[in-house]
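Participant: Take a look and give me a structure for this.
(chains A and B)
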Amino acid sequence: MQSETDTTGPMDETRKRTLISLLNALIPASADGKMPGAGEVGLGDAEPAWLDGVLDFFGREAESQFGHEFHDLPPVEQAKLVEQFKRREFRLFNQLVTEMVQCYYVNGAVRMGLGMEARAPFPDGYYVPEGDLALLEPVFERGQIYRE
Amino acid sequence: MADTDSVDILIIGAGASGAAVAWSLSESQNLSILCLEQGERMEAAQYPSTRTNWEIERLNEYHFSPNVRKRPADYPVNDAGSPIAISNFNAVGGGTILYSGHFPRFHPSDFRVKTLDGVADDWPIDYYQLEPHFALNDKMMGVSGLEGDPAYPPIENLLPPVPLGRLGEVIGQGYNALGWHWWPAYSAIITRNYKGREKCVNLGPCNTGCAQGAKSSVDVTYWPEALKNGVVLKTRCRVREITVDAKGRANGAIYYDENGTERRQAARLVIVACNGVGTPRLLLNSRSPQFPEGLANRSGLVGKNLMLHPLGYVEGVFDENLESHLGPQGCCLSSQEFYETDSTRGFVRGYTMQVLRGPWPVETATSGVGRREIPLGPGHHEAFEARFGHIAGMAIIVEDLPEEHNCVTLDPELKDSNGIPAPRIAYTLSENSKKMLAHGLERGKEVMAAAGARKSSAFGPVRHTGWHLMGTARMGCDPETSVVNAFGQSHDVSNLFVVDSSVFVTSGGVNPVSTMQAVALHIADNIKKNLASLLN
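Facilitator: Model prediction:
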């Protein structure tokens, strides 16, 4: 039995286009160009076996319901298929979204689009203001609140 | 089975309390001290904060739960019978490798719960007996905070507090609007260069190990000193059982070394420091004709009275960009407003409100999408940007009262990789805890509203929060109702000591590590004073 971490063979061009379009439908590029679509970021190099089930659905349903490949459909029809997939294959949908979000939000271009630096926290760390400790004055003035 | 040379003192477990005891005993005595630790030495350069995908690594190899991590040093825990999953970490440093460093002490009243509030039991020691040990422990570890907190007797010699950030200011103003207590967090995080370690630079994910070495985990605090003093530390050595002689005195342990070879280590005195789940597991697995129900268990209380800290989570979302994700994740400020008992609330004892830094991008998106706060498709980016950096978190840490039915036993089927029975957890929240948790969640939302949050949410108990493991080898004067005496010494086995939070009589409503280490130093002092009789 295949495990979730098993990988399949290389994806053909049609399935690649389907995947890119699907991811872009879920997290589209921002209108101001700062944030890429999730299709541009992808899911990393590995092609886990569970992705077959996702692409099979969209390949099959796009053709049977609309007579076109998924990536050729207008946004409204793509969104309809996404909703159908979510309802029918909730576990697979969640797996896809989780994987997509993780890949997307560690991506360097995405981090820079958010105004962050595309680097690990160590060694530079980050600046955090000390804060105004004078705000504690009323707490201090109130006096002892512990019991002996 | 291979034998190794006998030592004076065998310490089992190289975590927070094992390290403190190892150092203390090595300071002034010419003793042969050996510590056996089933985990390994961690390498700071490998911690997730050295990589851009640290948020994802925290979900796998650095997850709180051993059942998710499954590192070689982990053993499985059957916690299906508990709404709170057990968290631990086996390594040199133990749980301090993954803790967030939030380091408040118990309060004086925590030691007198029976006298003051008519529930549970009093400890056989009190805050003021432990005060010099708290102070010494703070010095050894490096603790930051702010003097003058009206929620405590005076605490001195603290390093400056970790930065509040705009998050802390906004929440502090919320507390001020309500007239409630709040104070900068006591943090086992150095904010100035200290004893050869470099100060905190706000990496953020303290709870995946500190690559900077600024978080005061015991591998970078006590252990270097203990090793310099001659303590021998053997890693990847998993103890299966403690053995006793014909007179019922502990005489060593049987363990599996790094090659899986079974070995016997002889010792004149044995100290157990395996946490509130690991310690009873080891004792219960150490059966002999003298102790058919487990070592040191004539009271029948080993494993019983397990106390966790049921934890609730409150979240506020603010219009202002607080850059809330920046700073030490678990340390900002906390409130003890509802810590002391007020019977008008409908429950006894109390809780801490611990403000947490906000989530980073992956967690913001994952939880936001999961809760439908961030849509997929159009509107995703706008909704994300309205949350990332805008979220304040708050943990409600609820005091747990001891109840015998909450316990650790040996699982009849589940075993670790060496064939040692896994611990099995039976635990339910009491009505008192449920009421306290509900109260805390509502007060937390009040704070968020007073601070200006545009929306807030709250839920609990949160499952993966079983970090604080207490009570399963409780301390007391009466051998019928306790496992160890006021000095951590087994009532049944005079040369056997327990030094971790298994000995806790009550749980308080704060993180236990500071108090646990103070108790460990107190126990070590007593051992040193009575060495001649204990070793002979």
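Participant: what residues are up against the closest residue to B:P163 other than its chain neighbours?
Facilitator: In this structure, B:P163 finds its nearest non-sequential neighbour in A:V128, 4.2 Å apart by Cβ to Cβ, 6 or more residues apart in numbering or on different chains. Just so you know, the C-beta spots here come from the backbone N, C-alpha and C atoms, and that holds for glycine as well. Counting by Cβ atoms under 8 Å, 6 or more residues apart in numbering or on different chains, A:V128 touches B:163, B:165, B:202, B:323, B:326-327.
Participant: Quick check, pLDDT for A:V128.
Facilitator: As summarised for this prediction, A:V128 has a pLDDT of 98.
Participant: now do the one 5 residues further on
Facilitator: Here the pLDDT value assigned to A:L133 is 98.
Participant: Surely it is in contact with B:L146?
Facilitator: Yes. Contact between A:L133 and B:L146 holds when scored by Cβ atoms under 8 Å: they sit 7.0 Å apart.
Participant: low-scoring stretches of the stretch 201-350 of chain B, by residue?
Facilitator: Applying pLDDT under 70 to the stretch 201-350 of chain B flags no residue at all.
Participant: Spell out the residue ranges of the strands in it.
Facilitator: In the stretch 201-350 of chain B, the segments counted as strands under DSSP state E, counting those that start in this stretch are B:232-234, B:238-244, B:250-256, B:262-272, B:311-317, B:333-335.
Participant: Can you name every helix or strand that the third one contacts?
Facilitator: Contact partners of strand B:250-256 among helices and strands, from 3 or more Cβ pairs under 8 Å, 6 or more residues apart in numbering or on different chains; DSSP states H and E: strand B:2-12, strand B:238-244, strand B:262-272.
Participant: Any buried residues in stretch B:474-482, and which?
Facilitator: Of the residues in stretch B:474-482, B:474-476, B:482 count as buried by neighbour count, 16 or more other Cβ atoms under 10 Å in any protein chain shown.
Participant: Which single one of these is nearest to chain A?
Facilitator: For the buried residues of stretch B:474-482, the residue nearest chain A by Cβ to the nearest Cβ is B:M475; the value is 20.5 Å.
Participant: what's the spacing between that closest one and B:C407?
Facilitator: With the distance defined as Cβ to Cβ, to the nearest Å, B:M475 ends up 17 Å from B:C407.
Participant: ditto for A:H68
Facilitator: Taking Cβ to Cβ as the measure, A:H68 falls 62 Å from B:C407.
Participant: Those two - which one has more neighbours?
Facilitator: More crowded of A:H68 and B:C407, by other Cβ atoms under 10 Å in any protein chain shown: B:C407, with 21 against 12.
Participant: what are the bridge partners for the more buried one, then?
Facilitator: On the basis of DSSP bridges, B:C407 takes part in beta bridges with B:K304, B:A426.
Participant: mind listing what it touches?
Facilitator: Contact analysis of B:C407 by Cβ under 8 Å, 6+ apart lists B:303-306, B:425-427, B:472.
Participant: any shared contact partners between A:L133 and B:L146?
Facilitator: Taking Cβ under 8 Å, 6+ apart as the contact criterion, the common neighbours of A:L133 and B:L146 are B:161, B:184.
Participant: got the buried residues for the helix ranked longest in chain A?
Facilitator: What stands out as the longest helix in chain A, according to DSSP state H, is helix A:90-105. Judged by neighbour count using 16+ other Cβ under 10 Å, the buried positions of helix A:90-105 are A:92-93, A:95-105.
Participant: give me the subset of these touching chain B.
Facilitator: The overlap between the buried residues of helix A:90-105 and the neighbours of chain B (Cβ under 8 Å from any Cβ of the partner chain) comes to A:97-98, A:101-102, A:104-105.
Participant: nearest to B:D79, of the strands of the stretch 201-350 of chain B?
Facilitator: Using Cβ to Cβ as the measure, strand B:311-317 is the one of those that comes nearest B:D79, at 14.8 Å.
Participant: got the contact list for the residue nearest to the spatial centre of chain A?
Facilitator: Computing the C-alpha centroid of chain A and ranking residues by Cα atoms, centre = their mean puts A:V101 first, at 2.1 Å. Under the criterion of Cβ under 8 Å, 6+ apart, the neighbours of A:V101 are A:27, B:362, B:365-366, B:369.
Participant: any idea how far it is from A:L43?
Facilitator: Using Cβ to Cβ, which is the criterion applied here, A:V101 is 11 Å from A:L43.
Participant: can you check B:G252 too?
Facilitator: With Cβ to Cβ as the criterion, B:G252 and A:L43 are 53 Å apart.
Participant: Same drill for these two, tell me which one is more crowded.
Facilitator: Neighbour comparison, B:G252 and A:L43: the larger count goes to B:G252, with 22 against 18 (by other Cβ under 10 Å).
Participant: Now do the same contact list for the residue lying closest to that one once chain neighbours are set aside.
Facilitator: Sequence neighbours aside, B:A266 is the residue nearest to B:G252 in space, at 4.1 Å (criterion: Cβ to Cβ, 6+ apart). With contact taken as Cβ under 8 Å, 6+ apart, B:A266 is in contact with B:3-7, B:251-252.
Participant: List only buried entries from those.
Facilitator: Neighbour counting by 16+ other Cβ under 10 Å classes B:7, B:251-252 among the contacts of B:A266 as buried.
Participant: which residues of chain A fall in helices?
Facilitator: Taking DSSP H, the helices of chain A run over residues A:13-26, A:38-41, A:50-61, A:75-88, A:90-105, A:108-113, A:137-142.
Participant: What is the third one packed up against?
Facilitator: The criterion is 3+ Cβ pairs under 8 Å, 6+ apart, and the helices and strands that helix A:50-61 contacts are helix A:13-26, helix A:75-88, helix A:90-105.
Participant: how about those helices in TSV, adding mean pLDDT?
Facilitator: Putting those into TSV (pLDDT from 0 to 100) gives the following:
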stretch	mean pLDDT
helix A:13-26	94
helix A:75-88	96
helix A:90-105	96
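Participant: and B:R51, which of those helices is closest to it?
Facilitator: Put simply, out of these the one that sits nearest B:R51 is helix A:90-105, at 13.3 Å, with distance taken as Cβ to Cβ.
Participant: relative orientation of that closest one and helix A:50-61 in degrees?
Facilitator: Using axes from the mean of the first three to the mean of the last three Cα atoms, to 10 degrees, the direction of helix A:90-105 lies 110 degrees away from that of helix A:50-61.
Participant: Would you mind listing what in the stretch 351-500 of chain B touches chain A?
Facilitator: Residues of the stretch 351-500 of chain B lying close to chain A (Cβ under 8 Å from any Cβ) are B:361-362, B:364-366, B:369, B:376-378, B:380-381, B:385, B:388.
Participant: Restricted to strands, list those.
Facilitator: Secondary structure from DSSP state E places none of those in strands.
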